[in-house]
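Q: Pasting a predicted model and its sequence here:
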Amino acid sequence: MDKFIIKGGRPLSGEVEISGAKNAVVAIIPAVILADGPCILENVPQISDVSILLRILYEMGAEVKMLGKNTVRIDATKITEPVVPYEMAKHMRASYYFLGSLLGKFRRARVSMPGGCYLGDRPIDQHLKAFSSLGAECILDHGMIDIRAQSLIGSQIYFDFVTVGATINTMLAAVKSTGLTIIENAAKEPHVVDLANFLNSMGADIMGAGTDVIKIRGVKALKGTTYAVIPDQIEAGTYMVAAAATRGNVLIKNVIPKHLESITAKLAKIGVNVEEFDDSVRISVDGPLVKTNIKTMPHPGFPTDMQPQISALLCLAEGTSIVTDDIFNNRFRYVDQLRRMGADISVDRTVAVIEGVGHFMGAPVTAPDLRAGAALIIAALAANGITEIEDIYHIERGYEEIEQKLRSLGADIVKKSVPGSAVRKVAL
Ligand code: EPU
């Protein structure tokens, strides 16, 4: 397995460019199936989740051509079989967006059931409720979700709780239906808005994305388009926290500061200076870091995908912080690993009590999932001594060139590849 070896204690300084948003692009790539012509996607991050989705489209019969490092042309018009087999779907959870896009295009989708994952149980009942409400019949058949509809008719769908995945899948399925679909209690995340903008650029009629009521008037056809993916809010937040944890001074470029507001507000409470510009933010620290309490919430609240990283920072702050994260039931798997580095954290199901310890010590650790891995990198950058992080394939699912970017900011980080080791992939 590849690992990162990080010698901590160097303040990060300089500039870093943020890549396209993982959670937007993993919805936009399957959405290309709905177009009657080729699409060109720009600002596509080079991460393993993207490679897997492009591979799935290619195996299904699409033409996929890289036009540049971050630009891809996809012609999915040659796909005829609305099926994503287990062997392809098992690598990532976001493959369930093929359910919505294949159903929208072919009125039929057969996609392997997404597995549970390290964040805990992740049912898809709200997705299936929405498909049924549009007139589809959903059955589970030998591990495959089989969805068929004679026709898809616009409908009113109320989600029992806010869900990003079901909001996105409903938009994908409803965009070419007949009549009006209204999603109530919709997710408002920036990537939900980005998918709506992408579909609208193909000729869709979607209004209200970014609010809790989204209205989708079905259209007969969607055309190919050229579209640039938004910057990654969570990647930006991760570099903001890394800069703060090392008491550095970093300009984080190609961001949408509005998307970062909840992160900026918490960093300011902790004592971090955040200067906002049109499309960049500068992070610096010149005083003590102090405790704060955090509760994760759907957007525009504090994102669960930033909880492990900011918790690592709170270990370095004075005082006791309380962090509550109940969006998923297993998002504190990094705690054992941080304890190996000297953290004093106790967890009771969805609540962590973090006693500030002021510093970390380097240690061998293992990344249990993507954002937990990012938290370990932050701790390692701030630590005294050397940290070896194993299972970095989790981190590479969602952070483009993290090693190069950190090195350009002055970090002492190297990737050690173990030749011949199997690369395992899991899904979030
Ligand atoms: N849920 C259900 N039933 C459903 C759908 C969701 O019970 O039908 C539950 C989930 O189990 C979870 C909660 O509702 O407890 C919220 O789930 P949601 O659908 O919002 O999350 P998701 O679509 O599975 C996306 C991101 C996650 C991010 C969450 C929350 C993608 C590919 N994944 O997951 O990103 O944490 O929204 O914002 O967009 C990550 O990037 O590290 C990551 C895990």
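A: Sure, I can see it. Note that the structure is a prediction, hence the values are computed from the model and not measured.

Q: How is this protein partitioned into domains?
A: 2-19+231-417, 22-228 (automatic domain parsing).

Q: any chance of these in a markdown table, plus mean neighbour count and mean pLDDT?
A: All C-beta atoms are positioned from the backbone trio N, CA, C, and that covers glycine. Output for the domains of the chain, formatted as a markdown table (neighbours: other Cβ atoms under 10 Å; pLDDT from 0 to 100):
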| stretch | mean neighbour count | mean pLDDT |
| --- | --- | --- |
| domain 2-19+231-417 | 20 | 97 |
| domain 22-228 | 20 | 94 |
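
Q: In TSV, list these along with distance to the ligand.
A: Below are the domains of the chain laid out as TSV (distance: least, Cβ to the nearest ligand atom, whole Å):
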stretch	distance to the ligand
domain 2-19+231-417	5
domain 22-228	3
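
Q: contacting residues around stretch 121-140?
A: Residues outside stretch 121-140 that contact it (Cβ atoms under 8 Å, 6 or more residues apart in numbering) are 93, 96, 99-100, 103, 107, 113-114, 116, 145-157, 159-161, 163, 165-166, 169-170, 173-174, 177, 181, 183, 328-329.

Q: where do the helices sit along this structure?
A: 22-31, 48-60, 86-89, 97-106, 125-133, 164-174, 190-201, 233-245, 261-270, 307-315, 335-340, 370-382, 393-396, 402-408 (DSSP state H).

Q: With residue 208 as the reference, name the closest of those.
A: helix 190-201 (8.4 Å; Cβ to Cβ).

Q: Now find how far off-centre the closest one is within its chain.
A: 15 Å (Cα atoms, centre = their mean, to the nearest Å).

Q: elements contacting it?
A: helix 22-31, helix 164-174, strand 205-207, strand 226-228 (3 or more Cβ pairs under 8 Å, 6 or more residues apart in numbering; DSSP states H and E).

Q: looking at the ones you listed, which is closest to residue 37?
A: Per Cβ to Cβ, nearest to residue 37 of those: strand 226-228, 10.9 Å.

Q: residues in contact with that closest one?
A: 20, 28, 39-43, 197-198, 201.

Q: how about 7 Å then?
A: 39-43, 198, 201 (Cβ atoms under 7 Å, 6 or more residues apart in numbering).

Q: Pairing partners for it, with directions?
A: strand 39-42 (parallel) (DSSP bridges).

Q: Kindly format the C-alpha coordinates of the partner strand as PDB.
A: What follows is strand 39-42, C-alpha atoms only, in PDB (Å, rounded to 0.1, in the frame of the first residue of the first chain):
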ATOM      1  CA  CYS A  39     -20.400  17.200 -23.400                       C
ATOM      2  CA  ILE A  40     -17.100  18.900 -22.500                       C
ATOM      3  CA  LEU A  41     -16.400  19.100 -18.800                       C
ATOM      4  CA  GLU A  42     -13.800  21.500 -17.500                       C
END
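
Q: how far does it sit from the chain's center?
A: For strand 39-42, the distance to the chain centre is 19 Å (Cα atoms, centre = their mean).

Q: For that strand, which outside residues touch it?
A: 28, 32, 67, 70-74, 224-229.

Q: what's the farthest-apart pair in these?
A: Most distant of the contacts of strand 39-42, by Cβ to Cβ, are 70 and 224, 18.7 Å apart.

Q: sorry, back to before: a markdown table for the contacts of strand 226-228, including distance to residue 210?
A: Output for those, formatted as a markdown table (distance: Cβ to Cβ, whole Å):
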| residue | distance to residue 210 |
| --- | --- |
| 39 | 22 |
| 40 | 24 |
| 41 | 21 |
| 42 | 21 |
| 43 | 19 |
| 198 | 14 |
| 201 | 16 |
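
Q: from those residues, which single one is nearest residue 51?
A: residue 41 (13.7 Å).

Q: now that closest one: how far from residue 334?
A: 32 Å (Cβ to Cβ, to the nearest Å).

Q: What of residue 89?
A: In terms of Cβ to Cβ, residue 89 sits 27 Å off from residue 334.

Q: Residue 54 too?
A: From residue 54 to residue 334 the distance is 29 Å (Cβ to Cβ).

Q: cool, residue 143 as well?
A: 30 Å.

Q: what's the answer for residue 291, then?
A: Residue 291 is 19 Å from residue 334, by Cβ to Cβ.

Q: With only the CA atoms kept, save stretch 230-237 in PDB.
A: In PDB, the C-alpha atoms belonging to stretch 230-237 read as follows (Å, rounded to 0.1, in the frame of the first residue of the first chain):
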ATOM      1  CA  ILE A 230     -17.200  24.700  -9.400                       C
ATOM      2  CA  PRO A 231     -14.300  24.700  -7.000                       C
ATOM      3  CA  ASP A 232     -14.200  22.200  -4.200                       C
ATOM      4  CA  GLN A 233     -15.500  23.700  -1.000                       C
ATOM      5  CA  ILE A 234     -14.100  20.900   1.200                       C
ATOM      6  CA  GLU A 235     -10.700  20.800  -0.400                       C
ATOM      7  CA  ALA A 236     -10.500  24.600   0.200                       C
ATOM      8  CA  GLY A 237     -11.600  24.100   3.800                       C
END
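
Q: Check what contacts it and list those residues.
A: Contacts of stretch 230-237 (Cβ under 7 Å, 6+ apart): 18-22, 24, 45, 190, 194, 252, 254-256, 259-260, 263, 303, 305-306, 309, 399.

Q: Kindly report the same for stretch 358-368.
A: 8, 118, 315-316, 333-334, 337, 340-343, 373, 376, 379-380, 382-392, 394-395.

Q: Isn't residue 274 up against residue 263?
A: No: in this structure, residue 274 is not within contact of residue 263 by Cβ atoms under 7 Å, at 8.6 Å.

Q: quick check, nearest of the contacts of strand 226-228 to residue 208?
A: residue 198 (15.7 Å).

Q: so what's the closest one up against?
A: Contacts of residue 198 (Cβ under 7 Å, 6+ apart): 28, 31, 227.

Q: same thing but at 8 Å, please
A: So residue 198 contacts 28, 31, 225, 227 (Cβ under 8 Å, 6+ apart).

Q: Then residue 345?
A: 311, 315, 335, 338-339, 352-355.

Q: rerun at 6 Å
A: By Cβ atoms under 6 Å, 6 or more residues apart in numbering, the contact set of residue 345 is 335, 352, 354.
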